[in-house]
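Peer 1: need coordinates for the below:
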Amino acid sequence: MLGGLTALGPLTTDLYLPGLPSIADDLAAEPAAVQLTLTFSMLGVAAGQLLFGPFSDRFGRRPPLLVGLLLYTVSSVVCVLAPNLSVLIAARFVQGAAGSAGLVIGRAVARDRFQGVALLRFLASIALISGLAPILAPIIGAQLMRFTSWRGTFGVLTALGLLLTLAAFGALRETLPAQARHGGGVGSTLRTMGRLLRNLPFLGLALTSSLAFGALFGYISGSSTVLQHVYQVSPQTYSLLFGLNSVALVVMTQVNGRLLAPRFTPRALMLGGLAAAVVAGVALVLLTTVWDFGLVGFCPPLFVMMGSLGVVLPNTAAQALGLVEPQVAGTASALLGTGNFLAGAVVAPLSSLGGRPSAVLLALGVLACGVLATAAYLGLCRPGRTAANPVTAGR
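Peer 2: Purely as a prediction, here's the structure:
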């Protein structure tokens, strides 16, 4: 159930992408303007987490989640019926914000139920489902476009939202009992956020997660144009390479949660994952500047980088949520998720600075994110800084 909820965000982002040219034609809009439907959806995901996360700490996990899913379903209907691009962009923002409820509350539910290695294993199980979403969504969307229009893809998202609403209503139990919730308002939430951001280990893990996510978004946004325009691969070859790299991320997430976590300390896993990301970034830069081996030199470091993120991302989430009490897990999850998407939004366009896609710029972006993530972890998450006093709700 939680895997399906966390997969809703990637499906919302990627399922309709094959229909972008059709949207431009049908709504008489410029392709650059149609891209705003993606931008505003991502902004909605970032903003919505800051809303639904704290709400789930105050009112429990079920009510905000059900409200978010209902709002998602309604906004998807508006996308189907949108008469012009302005309405579609506005509906996509609401759809992204509402869809973020499953993402942020899913992590909070995991923290309610588990700690330590058990939490990491549970997050790995969720990631197995949600990690397949960005791999399959463009493929499914392309097949849908053979039988329906872009409005039909939003019809599929409407049906998915309704199905998840019914499933959550019937199957998802409340995991934050009333006595564990905090009763404060906006002021209390802001004080809690302030305490979280002043907690150096949490801040270090949040920055590490955001920068690692920036490397991931830099790759996702830049790989299509770089591979197809710089290295002249076909769309089919690009899909194959993208799928292989995505498999590396999903597989390493499972290996991390099920095989590595019981045998190694969280710090050892983080240092190993970050080291692999930095090495991959250095290799990528060298193989696009000093030694240009073309596609043969470009792809293997990206594969290693994606695998390293399968270790870094779930460990940062598990460790950061382990630093807080359950009554603020929603707020902590919101800060983590918002930071991730904001970093992704900043890094995503860097590979096309100057108006032309560049393998070198993509490589430098990946390396910079890896180095900065390592610096944040080493500087703020030192072994002596323990979670002796977990962060609780502000009063």
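Peer 1: give me the below-cutoff pLDDT ranges for the stretch 101-250 of the chain.
Peer 2: 128, 130-131, 134-135, 138, 183-186, 221, 224-225, 228, 235-236, 239 (pLDDT under 70).
Peer 1: those helices in it, which residues are they?
Peer 2: 116-130, 133-147, 150-171, 186-198, 200-225, 235-255 (DSSP state H, counting those that start in this stretch).
Peer 1: looking at these, which one is packed in the most?
Peer 2: helix 200-225 (a mean of 24; mean count of other C-beta atoms under 10 Å). (C-beta placed from N, C-alpha, C; glycine too.)
Peer 1: quick one: list the elements packing against the helix or strand harbouring Ala268.
Peer 2: Assigned by DSSP states H and E, Ala268 belongs to helix 266-288. On a contact count with 3 or more C-beta pairs under 8 Å, 6 or more residues apart in numbering; DSSP states H and E, helix 266-288 meets helix 200-225, helix 295-322, helix 359-380.
Peer 1: buried residues in the last one?
Peer 2: Within helix 359-380, the residues that qualify as buried by neighbour count (16 or more other C-beta atoms under 10 Å) are 359, 361-374, 376-377, 380.
Peer 1: repeat for the longest one
Peer 2: Within helix 295-322, the residues that qualify as buried are 297-299, 301-322, counting by 16+ other C-beta under 10 Å.
Peer 1: about what we covered before: relative to Ile89, which of the helices of the stretch 101-250 of the chain is closest?
Peer 2: Between Ile89 and those, the shortest gap by C-beta to C-beta is with helix 150-171, which sits at 13.2 Å.
Peer 1: what angle separates that closest one from helix 133-147?
Peer 2: 130 degrees (axes from the mean of the first three to the mean of the last three C-alpha atoms, to 10 degrees).
Peer 1: what packs against helix 150-171?
Peer 2: helix 2-14, helix 20-26, helix 62-81, helix 133-147.
Peer 1: contact partners of the first one?
Peer 2: Applying C-beta atoms under 8 Å, 6 or more residues apart in numbering, the contact partners of helix 2-14 are 38, 41-42, 45, 65, 72, 95-96, 99-103, 105-107, 109-110, 125-130, 132-134, 137-138, 141, 157, 160-161, 164, 167-168.
Peer 1: one more: the shortest one?
Peer 2: Residues outside helix 20-26 that contact it (C-beta under 8 Å, 6+ apart) are 16, 29-31, 33-35, 37, 85, 88, 145, 149-150.
Peer 1: among these, which ones are in helices?
Peer 2: Using DSSP state H, the members of these that fall in helices are 31, 33-34, 37, 85, 88, 145, 150.
Peer 1: what sits against Ala318?
Peer 2: Shown in contact with Ala318 (C-beta under 8 Å, 6+ apart): 116, 119-120, 123, 266.
Peer 1: at 10 Å instead, please
Peer 2: Going by C-beta atoms under 10 Å, 6 or more residues apart in numbering, Ala318 touches 107, 110-111, 114-124, 205, 256-257, 261, 266, 269.
Peer 1: and for Gly99?
Peer 2: Gly99 neighbours (C-beta under 10 Å, 6+ apart): 5-6, 8-13, 41, 44-45, 48, 52, 68-69, 71-72, 75-76, 157, 161, 164.
Peer 1: which SS class is it?
Peer 2: What DSSP: H, G, I helix; E, B strand; the rest coil gives for Gly99 is helix.
Peer 1: so which of the ones in helices among the contacts of helix 20-26 comes closest to Phe293?
Peer 2: Pro31 (33.2 Å).
Peer 1: burial check on that closest one, number of neighbours?
Peer 2: Neighbour count for Pro31, taken as other C-beta atoms under 10 Å: 11.
Peer 1: name the nearest residue to it, sequence neighbours excluded.
Peer 2: Ala24 (5.1 Å; C-beta to C-beta, 6 or more residues apart in numbering).
Peer 1: just the pLDDT for the one you found.
Peer 2: Listed pLDDT for Ala24 reads 84.
Peer 1: again, but for Cys299
Peer 2: 86.
Peer 1: what residues go with each domain of this structure?
Peer 2: Per automatic domain parsing, the structural domains of the chain span 1-181, 192-383.
Peer 1: can you give the distance of the longest one from its chain's centre?
Peer 2: Centroid separation between domain 192-383 and its chain, computed with C-alpha atoms, centre = their mean, to the nearest Å, is 11 Å.
Peer 1: how long is that domain end to end?
Peer 2: Domain 192-383 has an end-to-end distance of 24 Å (criterion: C-alpha to C-alpha, to the nearest Å).
Peer 1: got it, and the shortest one?
Peer 2: Distances were taken as C-alpha to C-alpha; on that basis the terminal residues of domain 1-181 are 23 Å apart.
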